[in-house]
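Visitor: the sequence isn't on hand, but the structure is:
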């Protein structure tokens, strides 16, 4: 069966994807949930994008993972794109789940509305350690709009401050995603308004993949909390050959 | 539990929302279904937007309703925006259900395709009492496309002529919706083509709310007839904190 | 009950729609699945659009079918538009299922992204008999993204080479679809990326119908293979009065 590596988004760790991995494992696959450098307990918040990408490359190499279905959520799309560019021979398919799709020279902030960029900057300036956090009202209304308030609050409580530099660093790629020969899929949660629907994930960012498989599923940006079993099914539908 | 006030759209009365209210009440809330001035039996059809808004403000005050989740459908979006502007202290959250979102100085007709404006004008000119009706073919194909013909016909038979002036009057607001501090949600029925999908409800109008929670549900503009229980669930998902 | 005539898309024959027809028949209707000239076993691959349209007109006349709900899939939208223009008295309603909607003087190739046009030309040039085939990777990822690999392969194996001339011939219509008085519906499969979602079936092409009924259903362009029962229900919801 398949090897799935699930790469989390900003403010998350691999731990939040374990319920998803459990469903994938129960279907007979092997699912891994590394935490990107910069989001591990104790990591300095000055980590940049290249270090973040390198940490997942290292994870694949240390565990000698091959034929990997590499899944990236949100900011994780930056990371899996970089990983596929650096170690293409280990990757069977890239799966973007409401994830950023960068071309060479782009940073995450290039793909979000300007009001997010200035919000992140002002929050980071206030914190002073290089990290940014998400204000709760934005989290509750735009990121996890499909659960009750208690679930939204408990999920918020496990988030960790995210290194701002990873959102500002421009990615360095030998090959843009549309030109990568690896197979590609995009999972779009149809109620995800973490990016507004007039400036959406899909098809605005997904089309940068060239030929790709689309899987859509109802839910918010944080389907890992609201319905991990449904997300796991979408990941497997996106990840199969 | 919560206090829900459901404000109907053009051509409707509160009575058509009672099946929805019944589901909400059964979940332990208190749901109210006022009829806007201009749509009550015997109302003159010369009523304007300000009178319409005032009639719902009066309803809230007469019943001394507080902490209200104020839900507006279609034209009802004009009304709840005006109500929130006039008595903000009574409102806990605004919920727009495929509803118009006006800024100060806009009228409903500013937000519909030009062919609707001219159609409404010519029908009202023919009727001569200030009211407009919806031709049955448009109702059946574009408003209630998710039921059989008999249901479409029975629903059409309970509609009442709507005062055209409420569609032409420009709203007067102290605060535009995006700047209101009250919480806001938008319910989008995904098969609602009463506004065409190349000129849609969401995200074209919803984005005028600034930060808002999105809830989507399958169905036409008239989900109150086609699936009131599903609509009630969407209203409660949109209306909770 | 109703008379349904299901007109297949490019590379298909009527046989692939028989499972759909069986569900419609089981609901008490009469469903027919003709094969368009150019896609029948042994047909020359030099057939043009006019001959293709004529073959379905002939089918209706030979079987003396009246009050027909005429359903067209993809390329079949070109054909049913031409049929409705030539024999309007036989048609009760047109149903476009992720189908092309041409105005007078347009060809199918006018409505697809340029990279498809050049791909079709180069494949046809290589084949040399006037026909074009679809490369398997495009079929698997963009046409039938909602099934497993084995199903995708088996479905691919029943396709037949399609006459390129039918994609290049400009249609000749007395009346454009928006001006036809016949009732019209559009079925949109929400995960259909055979046309990319930044250049989509709906509403880009559906809006050319003028007033129409929208039915949406989850699934890929090839819902006839992935879920014929669900497709049959959508066809009946779209086809009823």
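Guide: Okay, I see it. What you see is a predicted model; the values in this text were computed from it and never measured. Residues are numbered from 1 along each chain as shown, chains lettered A, B, ... in the order given.

Visitor: mind listing the strands for chain A?
Guide: Secondary structure of chain A (DSSP state E): strands located at A:3-7, A:30-32, A:68-73, A:91-97, A:131-132, A:162-163, A:183-189, A:213-217.

Visitor: same for the fourth one, what does it pack against?
Guide: With contacts defined as 3 or more Cβ pairs under 8 Å, 6 or more residues apart in numbering or on different chains; DSSP states H and E, the secondary structure elements packing on strand A:91-97 are strand A:68-73, helix A:76-86, strand A:183-189, helix A:228-239. Every C-beta, even on glycine, is put in place using the N, C-alpha and C of the backbone.

Visitor: run the angle between the third one and helix A:228-239 for me.
Guide: Computed by axes from the mean of the first three to the mean of the last three Cα atoms, to 10 degrees, the angle separating strand A:183-189 from helix A:228-239 equals 150 degrees.

Visitor: try the second one
Guide: Relative orientation of helix A:76-86 with respect to helix A:228-239: 30 degrees, computed using the same axes, to 10 degrees.

Visitor: return the set of buried residues in helix A:76-86.
Guide: For helix A:76-86, a neighbour-count test (16 or more other Cβ atoms under 10 Å in any protein chain shown) marks A:76-86 as buried.

Visitor: CSV for the residues you listed, including pLDDT and distance to chain B?
Guide: Below are the buried residues of helix A:76-86 laid out as CSV (pLDDT from 0 to 100; distance: Cβ to the nearest Cβ, whole Å):
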residue, pLDDT, distance to chain B
A:76, 98, 22
A:77, 98, 21
A:78, 99, 25
A:79, 98, 27
A:80, 99, 26
A:81, 99, 27
A:82, 98, 31
A:83, 98, 32
A:84, 98, 31
A:85, 98, 33
A:86, 98, 36
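
Visitor: returning to what we had before: looking at the strands of chain A, which is buried most?
Guide: Mean neighbour count, computed with mean count of other Cβ atoms under 10 Å in any protein chain shown, is highest for strand A:68-73 among these, reaching a mean of 28.

Visitor: what lines up beside that one in the sheet?
Guide: strand A:3-7 (parallel), strand A:91-97 (parallel) (DSSP bridges).

Visitor: export these to a markdown table and append columns for mean pLDDT.
Guide: Compiled in a markdown table, the strands paired with strand A:68-73 are given as follows (pLDDT from 0 to 100):
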| stretch | mean pLDDT |
| --- | --- |
| strand A:3-7 | 98 |
| strand A:91-97 | 98 |
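
Visitor: okay if I get those strands as JSON lines plus distance to residue B:162?
Guide: As requested, the strands paired with strand A:68-73 are exported to JSON lines (distance: least, Cβ to Cβ, whole Å):
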{"stretch": "strand A:3-7", "distance to residue B:162": "52"}
{"stretch": "strand A:91-97", "distance to residue B:162": "45"}
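
Visitor: residues in contact with the closest residue to chain C within chain A?
Guide: In chain A, the residue that lies nearest chain C is residue A:203 (3.8 Å; Cβ to the nearest Cβ). Counting by Cβ atoms under 8 Å, 6 or more residues apart in numbering or on different chains, residue A:203 touches C:196-198.

Visitor: now, which of the residues you listed sits nearest residue B:140?
Guide: residue C:197 (28.7 Å; Cβ to Cβ).

Visitor: distance of the nearest residue to the closest one once chain neighbours are set aside from chain B?
Guide: Spatially, and ignoring its direct neighbours in sequence, residue C:197 is nearest to residue A:203 (3.8 Å; Cβ to Cβ, 6 or more residues apart in numbering or on different chains). Between residue A:203 and chain B the distance is 14 Å, computed by Cβ to the nearest Cβ, to the nearest Å.

Visitor: give me the phi and psi for residue A:203.
Guide: Dihedral angles of residue A:203 (phi, psi; degrees, to the nearest 10) stand at phi -100, psi 10.

Visitor: any idea how far it lies from residue A:114?
Guide: Distance of residue A:203 to residue A:114, computed by Cβ to Cβ, to the nearest Å: 21 Å.

Visitor: re earlier: adding distance to residue C:192, write the strands of chain A out as TSV.
Guide: Listed next are the strands of chain A as TSV, based on distance: least, Cβ to Cβ, whole Å:
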stretch	distance to residue C:192
strand A:3-7	26
strand A:30-32	29
strand A:68-73	23
strand A:91-97	19
strand A:131-132	38
strand A:162-163	36
strand A:183-189	13
strand A:213-217	9
